[in-house]
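Asker: Please find the sequence and the predicted model below.
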Amino acid sequence: MSTTPDIVYTTVDEAPELASASLLPIVRRFALAAGISIDTKDISLAGRILAAFTDHPDDLAWLGDWVKTPEANVIKLPNISASVPQLDAAIKELQAQGFDIPDYPYDPQTDAEKAARAKYDTIKGSAVNPVLREGNSDRRAAPAVKKFAQNNPHCMGDWSSDSKTRVASMEDGDFFSNEASATLDGAATAKIVLETANGETVLKDGVSYPAGTVVDATYMSADKLDAFLMDEIEKTKADGTLFSLHMKATMMKVSDPIIFGHAVKAWLKPVFDKHGAKLDELGVDPNGGLGALLAKVEGHDEIMADIEAVRAERPPMYMVNSDKGITNLHVPSDVIIDASMPALIRDGGKGWGADNGQHDTTCVIPDSSYAPVYDETIKFFKENGKLDPATAGTVQNIGLMAQKAEEYGSHPTTFEIPEAGTVKMVLEDGTVLHSHTVGKGDIWRAASARKAPIEDWVNLAIDRQRATGYRAIFWLDENRAHDRELIAYVKPILEAKGVADKFEIMAPREATRASLETITKGDSTIAITGNVLRDYLTDLFPILELATSAKMLSIVKLMQGGGLFETGAGGSAPKHVQQLVEQNHLRWDSLGEFCALAESFKFFGEARDNARARILGEAVETATQGILDHDRSPSRKVGEPDNRDSHYWFARYWAEALASQSDDTDLAAEFKPIAAALAENEDKIVSELAAAQGQPAEIGGYYHPDADKRAAVMRPSSTLNEIIG
Ligand SMILES: NC(=O)C1=CN([C@@H]2O[C@H](COP(=O)(O)OP(=O)(O)OC[C@H]3O[C@@H](n4cnc5c(N)ncnc54)[C@H](OP(=O)(O)O)[C@@H]3O)[C@@H](O)[C@H]2O)C=CC1
Ligand SMILES: O=C(O)CCC(=O)C(=O)O
Ligand SMILES: [Mg+2]
């Protein structure tokens, strides 16, 4: 490590990176006044590919070390968790730019291909967040943001009691039904083996767990999954609804693409039955989606005709983009459950159909562990009508996330079973911790949650409950194996601290209803959840309460003392890039960045005893309030103020707050002329920004744009640029 930075701002992908090109120069200039340097570290998909195959620095590895130190102070923007089609597209773009990197080996044969595939597998899926999240998660709407949403309620789709929208999940044979869980008394190293009629195969060796780790194992039956999917396709047709599948193929990068592939095969079953051998020969990988499949069979007229015949028989599908004919099953990363289900629920239970109209939808979520949350939400709105954002209270979240907790850390121990047999997890002393009888194609996985993160999570929940006085619910199901082990941790800690009466423990379905009832009354509650529900709920409730999860405050108190400040709770909004490239309008809202910045500066102030950092952070809060009060957030429509305008206003309100504070008169004097120049040149700046919109914008790449071209597009006001310096 060369010199340690003060604050690291991550370089990411898509819309948030476009926004950074405009916002970061402003942040750097203001931070300079407190002597704070803002470094960047590249965690973008393109950056990670280049780090794996060229001399591009491995910034993710650097950050992974830094977050384990007390100095860490990271502002983390959302990055792409790549599905295979995205990874492939990024590789092709980099190759076209002249980088000497290998193709993605779909079917690696040579040693070189196998080595390249192994590297690409580490880049695939959610490869960044689990590395950086060395702490538990505290996500909530800042009071000003919540108040703004109540005063300016967004439109919500109406719910009718006879809506046919429903959630469909497996009733047995899924991860929920087959789960076994145990807490380890001492430290242990485990191996995972598959015993079959032909002998024993070691699936994984040397998995080590510290004492007190909760270790789970479970599997999903491939046969039962297939039967379930076929059944739901038929039921959807009978119901006259849209068929939709909601998964997390990005974060759950091993299990969920396989499940997605089963759905693609079920949808086109007659085609796979008839042309299976030919499809294999053409290199079709159903896990990559219908889009890749169609590209591979193009020109094979008989197969194409059979596909069309099957499509005509199937119920209509929920569409990602009806204009372009992109269905739910085209690309595994297009429909991501945490964002897709809340958007559908916000719209009154309606999905988009191929006719560009909104219709009731069957939402297929094969595993039943967490699907009851959406099922119960839908039932609640059918019974009670839509939520009123003007009067609703809020659901905050404290999530068990640190050290790759639970399912989100299960990728290295997830296997598609090659042959029927028994999977055993065996400890070094010979103890068989878990054992499952499995069939060919079943998806078996082990997950774990460590003692220190669990204890930290419970303590964080106690702190938040004390700070707010809110109703606090642990979303844990005593009928689920893993949750029973967690409850055995939670209860004694609450009792020892004398706060057991302040907390409830409820299964996800009951907790969903209780939380919806609470916020409907205008009260607020804290959902204390595991890692998956942390992810799901911090999109679900914000999207209902605030219309978006982009405005969330998202703090990760790192267990070694540092701070990781995530910006919002959503992703990188690929559609926004499309709009920028076509119309030079960026509708990305940086409110999440503003919230994270304030926390990061205030944290720096405390950790490094830097009074100016504290003042900067407080002034960011004032500026954020200004953005809300004066409605300076970006509009969705070209020709209206966009992301760049909102950054101008942010700079102006921030400078004004610094100029008018009296804790540090030198700092005030430094910002007075800046604030004055920003105000005096308002008309000029606003018209320079407006003039940029309306035409296509050239940024020189999608995954790896040209930095200068991007900066030119995102900083079109020379007057503003001169003031910022
Ligand atoms: N923390 C992280 O690193 C995360 C990364 N991701 C990654 O992000 C990508 C997209 O994921 P997806 O599930 O589609 O979720 P997104 O949150 O990116 O998109 C859902 C929709 O939310 C709206 N939205 C999200 N953020 C903003 C914002 N700041 N301002 C305005 N609107 C916003 C947009 O609506 P509209 O189009 O109507 O304007 C957008 O289309 C994937 O590659 C995924 O892997 C996803 C979640 C978290
Ligand atoms: O890492 C990812 O793929 C997604 C993370 C996410 O959705 C979240 O933390 O809310
Ligand atoms: Mg999420």
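Answerer: Here it is on my side, so go on. Ligands and ions are numbered 1, 2, ... in the order given.

Asker: Can you tell me what sits against stretch 573-586?
Answerer: Outside stretch 573-586, the residues that touch it by CB atoms under 8 Å, 6 or more residues apart in numbering are 14-16, 18-19, 587-588, 634, 637-640, 642-644, 692-697, 699, 702, 713-714. Just so you know, the C-beta spots here come from the backbone N, C-alpha and C atoms, and that holds for glycine as well.

Asker: Now, of those residues, which are buried?
Answerer: Among the contacts of stretch 573-586, those classed as buried by neighbour count (16 or more other CB atoms under 10 Å) are 14-16, 18-19, 587-588, 634, 638, 642-644, 692-693, 697, 699, 702, 713-714.

Asker: now, which of the contacts of stretch 573-586 lie within helices?
Answerer: Among the contacts of stretch 573-586, the residues falling in helices (DSSP state H) are Glu14, Ala15, Pro16, Leu18, Ala19, Asn643, Arg644, Ala692, Val713, Met714.

Asker: show me where the stretch 451-600 of the chain has strands.
Answerer: Secondary structure of the stretch 451-600 of the chain (DSSP state E, counting those that start in this stretch): strands at 471-475, 503-506, 525-529, 553-558, 563-567.

Asker: Make JSON lines out of those and add mean neighbour count and distance to ligand 1.
Answerer: JSON lines is the format used below for the strands of the stretch 451-600 of the chain (neighbours: other CB atoms under 10 Å; distance: least, CB to the nearest ligand atom, whole Å):
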{"stretch": "strand 471-475", "mean neighbour count": "23", "distance to ligand 1": "20"}
{"stretch": "strand 503-506", "mean neighbour count": "18", "distance to ligand 1": "26"}
{"stretch": "strand 525-529", "mean neighbour count": "27", "distance to ligand 1": "16"}
{"stretch": "strand 553-558", "mean neighbour count": "23", "distance to ligand 1": "8"}
{"stretch": "strand 563-567", "mean neighbour count": "27", "distance to ligand 1": "6"}
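
Asker: Need those strands in CSV (columns: mean pLDDT and distance to Ser221).
Answerer: Listed next are the strands of the stretch 451-600 of the chain as CSV, based on pLDDT from 0 to 100; distance: least, CB to CB, whole Å:
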stretch, mean pLDDT, distance to Ser221
strand 471-475, 99, 26
strand 503-506, 98, 28
strand 525-529, 99, 27
strand 553-558, 97, 36
strand 563-567, 98, 36
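
Asker: Tabulate the ones you listed in TSV, adding columns for distance to ligand 2.
Answerer: Output for these, formatted as TSV (distance: least, CB to the nearest ligand atom, whole Å):
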stretch	distance to ligand 2
strand 471-475	16
strand 503-506	22
strand 525-529	12
strand 553-558	8
strand 563-567	7
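
Asker: Please name whichever of these is nearest to Met251.
Answerer: Nearest to Met251, of all those, is strand 563-567, at 14.3 Å by CB to CB.

Asker: who's in contact with stretch 621-638?
Answerer: 142, 144-145, 148, 152, 579, 583-589, 591, 594-595, 598, 641-643, 645-646, 649-650, 653-654, 656-657, 693-694.

Asker: same check, this time on stretch 27-34
Answerer: With CB under 8 Å, 6+ apart as the test, stretch 27-34 has contacts from 6-7, 9, 37-38, 597, 601, 610, 612-613, 615-616, 651, 654-655, 658, 667, 670-671, 724-725.

Asker: what's the answer for stretch 168-179, then?
Answerer: Applying CB under 8 Å, 6+ apart, the contact partners of stretch 168-179 are 216-221, 223-225, 228, 232, 235, 362-369, 371-372, 375, 436, 445, 480-482.

Asker: Now do the closest residue to ligand 3 within the stretch 201-350 of the chain against ligand 1, distance only.
Answerer: With CB to the ion, the shortest gap between the stretch 201-350 of the chain and ligand 3 falls at Asp338, namely 3.9 Å. Per CB to the nearest ligand atom, to the nearest Å, Asp338 is found 6 Å from ligand 1.

Asker: what about the residue in the stretch 201-350 of the chain that ligand 2 sits nearest to, how many neighbours?
Answerer: Nearest to ligand 2, among the residues of the stretch 201-350 of the chain, is Met251, at 4.0 Å (CB to the nearest ligand atom). Other residues lying near Met251 total 21 when counted by other CB atoms under 10 Å.
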